[in-house]
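Trainee: For reference, the sequence and a predicted model appear below.
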Amino acid sequence: MHTLTVSEMSAGLRARKFSSLELTLHLLGRIERLGPGLNAFVTVTADRALADARAADERNAKGDGGPLTGVPVAHKDIFCTDGILTTCASRMLSNFVAPYDATVVRKWREAGTVLLGKTNMDEFAMGSSNETSFYGPVRNPWDHARVPGGSSGGSAAAVAARLAPIASGTDTGGSIRQPAALTNLTGLKPTYGRVSRYGMVAFASSLDQAGVLARSAEDAALLLEAMAGFDPNDSTSVDTPVPRYTAELKQPLQGLRIGLIKEFFGEGLDPAVERCVRGAIALLQREGAVVKDVSLPSLPLSVPTYYVVAPAECSSNLSRFDGVRFGHRCEQPKDLLDLYRRSRGEGFGDEVKRRIMTGTYVLSAGYYDAYYLKAQKCRALIAGDFARAFGEVDVVLSPTSPTAAFKLGAKTSDPIAMYLNDIYSIAANLAGLPGISIPCGFINDAGTELPVGMQLVGPHFGESRLLSVSHQYQLRTEWHKRAPKGYA
Amino acid sequence: MSLTRNQVEGIARLARLEITEAQMPVYVDSLSRIIDFVEQLAAADTADVEPMAHPLAQQVQRLRPDEVTETDRRDKYQHNAPSVAAGLYLVPKVIE
């Protein structure tokens, strides 16, 4: 049962081939057996899952269930879940029981999904390897000595290892797409404003967006449909109708105009990764897509721009963790300043502190114009490059990440090397564009098979196109169906 | 090293973060590297470019009617507080 996609599970539940309770018990068993070796979950909500499954079975028996009624899911531990620990993988929130559901959580719950648990992640979503978690690193099911990517690394590992058919994630600079690429999944980051951020612990508010890690584009479409839409609780969520993404998967590849981002096929890209991506491009061409090179000359500015904008927003957002209203408080504070400084010093890990300090510096008097204002202007250049490209092509294509999964500890001592993992994914967040990573092949690294992902980015609210191109590609390829050894 | 130890101590003070003696050199080094790295933005030609604060800048923020829509959930929220009494959050004495 665990190898089924969400669409297949949905069909099985509807045809009464199995109940949601059977499915849920089976997956909880796998989580108990295989979860600890991956460290994919912070909290397993077994009792809640069984209650959800029983309720779903009742709804389905009465015939008033929807396509997701009884389908088990996992949520990244950045989403507030009413009455359930919500840690953001930080010591700061290690005792925080959310008093309400995030909108994404509420919508999936109302659609009838079953909550299996909360997945591990980089602390406050700051990281690209899932090594900054207070609860320890997540391991990649394709090779336990390697990282699953981050920050949604627990969600990626859980779905790749067939512990859950689908999981939520968030993406501020690549945190859905990069782990998807490193674990052979389909990872969708929607347009900024497409999905409500209410109840999603904030990192960088002008970049954060919720999405999904799935085993197929069809599943991603199904779950996006259930999570997208306007929310009065998020003033930046956009009030435009949500398309029926699943109904639009049939759009043909014939005539599709694809732009290859010239700047993302250069120095730093592993030649073995490039070969996989080039192979996928050739297939799309054979199927009638029109491929041309496009140049977006400002894109090399995206990583430095991001590492001004994101830390600046992070330093403001994380000022709410003051040891007063919720979260970690130090022992025996001698005065209010001591309470703030020690609660925050103890509650946050090294990378989070580094980003808060970077942000504090670039926003401080005398430096604002040189760093923050300058970065906002560079951000406008990057967004302008994309806007021009979408005058010529329907989607732009590149690798998702310059390399396949790297070894645990390989980049922890060099923040810049770690930041450069997101060199191809960050620009979409700066411009607020939707992006998807889909499996496109494998490389062999000293006898270890490692998955490779390619990225498609489209214009604002262009999710339908990204999903249909991915679905059409997946109808013609088998890469996305491969499971890591020991988890099939 | 683009940042001095003195500067990093100042940043930590502004950010209300306690950094231990032992950790301080590590932060001086890594923050310097980050600031050196983002320094490359200075070379970008941004004359006449309007700064972009938000990806959907054209979007007009909606106004809602000025009505009470939230119910009082103080007790539930205060469950997560480290120290409360009579509905109030307790902190060390601020005014002598």
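Mentor: Structure's in. What do you need?
Trainee: ok, residue B:76 to residue A:83 distance?
Mentor: Distance, residue B:76 to residue A:83, by Cβ to Cβ, to the nearest Å: 10 Å. C-beta coordinates here come from the backbone N, C-alpha and C atoms, glycine included.
Trainee: Tell me which residues touch the nearest residue to residue A:165 once chain neighbours are set aside, please.
Mentor: Using Cβ to Cβ, 6 or more residues apart in numbering or on different chains and skipping residues adjacent in sequence, the residue nearest residue A:165 is residue A:6, 4.9 Å away. The contact partners of residue A:6, by Cβ atoms under 8 Å, 6 or more residues apart in numbering or on different chains, come to A:68, A:71, A:165, A:166, A:214, A:215, A:219, A:222, A:223.
Trainee: how about the helices of chain B, start to end?
Mentor: B:5-14, B:24-38, B:74-78 (DSSP state H).
Trainee: what angle separates the longest one from helix B:5-14?
Mentor: When you say that, I think you mean helix B:24-38. Angle of helix B:24-38 versus helix B:5-14, following axes from the mean of the first three to the mean of the last three Cα atoms, to 10 degrees, is 90 degrees.
Trainee: The helix or strand harbouring residue A:154 - contacts with which helices or strands?
Mentor: Assigned by DSSP states H and E, residue A:154 belongs to helix A:153-160. Here helix A:153-160 touches helix A:20-38, strand A:41-44, strand A:72-76, strand A:114-119, strand A:166-171, helix A:177-183, strand A:209-214, going by 3 or more Cβ pairs under 8 Å, 6 or more residues apart in numbering or on different chains; DSSP states H and E.
Trainee: now, of those, which is deepest in the fold?
Mentor: helix A:177-183 (a mean of 35; mean count of other Cβ atoms under 10 Å in any protein chain shown).
Trainee: export it as PDB, just CAs?
Mentor: The C-alpha trace of helix A:177-183 is given here as PDB (Å, rounded to 0.1, in the frame of the first residue of the first chain):
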ATOM      1  CA  ARG A 177      12.600  22.200  -4.700                       C
ATOM      2  CA  GLN A 178      16.200  21.400  -3.600                       C
ATOM      3  CA  PRO A 179      15.200  18.600  -1.200                       C
ATOM      4  CA  ALA A 180      12.800  17.300  -3.900                       C
ATOM      5  CA  ALA A 181      15.700  17.100  -6.400                       C
ATOM      6  CA  LEU A 182      18.000  15.400  -3.800                       C
ATOM      7  CA  THR A 183      15.400  12.700  -3.000                       C
END
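Trainee: Which neighbouring elements make contact with the helix or strand just after that helix?
Mentor: Remark: after helix A:177-183, the chain's next helix or strand is strand A:186-189, criterion DSSP H and E. The contact analysis (3+ Cβ pairs under 8 Å, 6+ apart) places strand A:186-189 against strand A:166-171, helix A:177-183, strand A:209-214, helix A:217-227, strand A:435-445, helix A:463-475.
Trainee: tell me the mean pLDDT over stretch A:59-77?
Mentor: Regarding stretch A:59-77, the rounded mean pLDDT is 96.
Trainee: Run the angle between whichever strand or helix holds residue A:275 and strand A:435-445 for me.
Mentor: Secondary structure from DSSP H and E places residue A:275 in helix A:271-286. Per the same axes, to 10 degrees, the angle that helix A:271-286 makes with strand A:435-445 is 130 degrees.
Trainee: ok, and what's touching stretch A:247-260?
Mentor: Contacts of stretch A:247-260 (Cβ under 8 Å, 6+ apart): A:217-218, A:221, A:281, A:284, A:287-294, A:389, A:392-398, A:464-465, A:467-469, A:471-473.
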